[in-house]
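A.B. asks: Here you go, sequence then predicted model.
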Amino acid sequence: MNIQQVKKLTNFIFLLSIILFFTGCNAQNKIVFIEILTGVEVQNNIYDYSEESFFILNDIKYSLRSKAKYDINGDIQQLMVYKSDGILIYEKNQLLENKDLISYYNVPAHQNFSYLNEGLLISNNEKIKVVSIGDYIIKKNKKIIYFYRLK
């Protein structure tokens with residue numbers, strides 16, 4: 001092996017080390033979401049809201065429509081649907097058996113979203129601008145508001 005080959009190999013190893021270092025730092029900064037909630041801001045009390053559905057964040061009152069709970073790997077564990085006469089609770093096995101429930105309530109069966117630089121990364125190509133308040137990331141979509149609870 002001549003000197004030029006050794007220099008190239010050394011440069012390659014150095015560059016690879018830098019890439020691995022920064023990739024490792026980004027992986028450690030990934031924030032996992034353990035709950036995804038949907039709701040609407042309570043404007044007045046003309047609707048028949050369930051008392052169990054009220055959610056107050058930053059002095060704003062919301063009425064939740066659904067709450068999906070996820071494990072550390074991003075797999076859905078439970079879906080709670082808030083109705084005027086109480087809460088419907090679907091467990092993981094019910095949701096996996098009936099994919100229409102997941103589709104109808106518009107929650108992912110598996111999520112690997114991450115939060116980085118005031119944006120919610122849905123996939124490699126899609127980043128949504130969001131607002132962070134406490135343990136929650138908030139995304140407004142017309143009338144429905146999505147709350148992503150951080151771990």
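C.D. replies: Thanks, I have it. This structure is a prediction, so every number in the text was calculated from the model and none was measured.

A.B. asks: what's near enough to touch Tyr136?
C.D. replies: Going by Cβ atoms under 8 Å, 6 or more residues apart in numbering, Tyr136 touches Leu57, Phe147, Tyr148, Arg149, Leu150. C-betas here are computed from N, CA, C, even on glycine.

A.B. asks: now Asn112
C.D. replies: Asn112 sits in contact with Gly74, where contact means Cβ under 8 Å, 6+ apart.

A.B. asks: what's the answer for Lys139, then?
C.D. replies: By Cβ under 8 Å, 6+ apart, Lys139 lies in contact with Leu120, Ile128, Lys129, Val130, Val131, Ile145, Tyr146, Tyr148.

A.B. asks: try Lys83
C.D. replies: With contact set as Cβ under 8 Å, 6+ apart, Lys83 has these partners: Ser50.

A.B. asks: Look up how far Tyr136 lies from it.
C.D. replies: 23 Å (Cβ to Cβ, to the nearest Å).

A.B. asks: try Leu101
C.D. replies: For Leu101, the distance to Tyr136 - Cβ to Cβ - is 24 Å.

A.B. asks: I figured Leu120 hits Ile138, correct?
C.D. replies: No - counting by Cβ atoms under 8 Å, Leu120 does not reach Ile138; the two are 9.7 Å apart.
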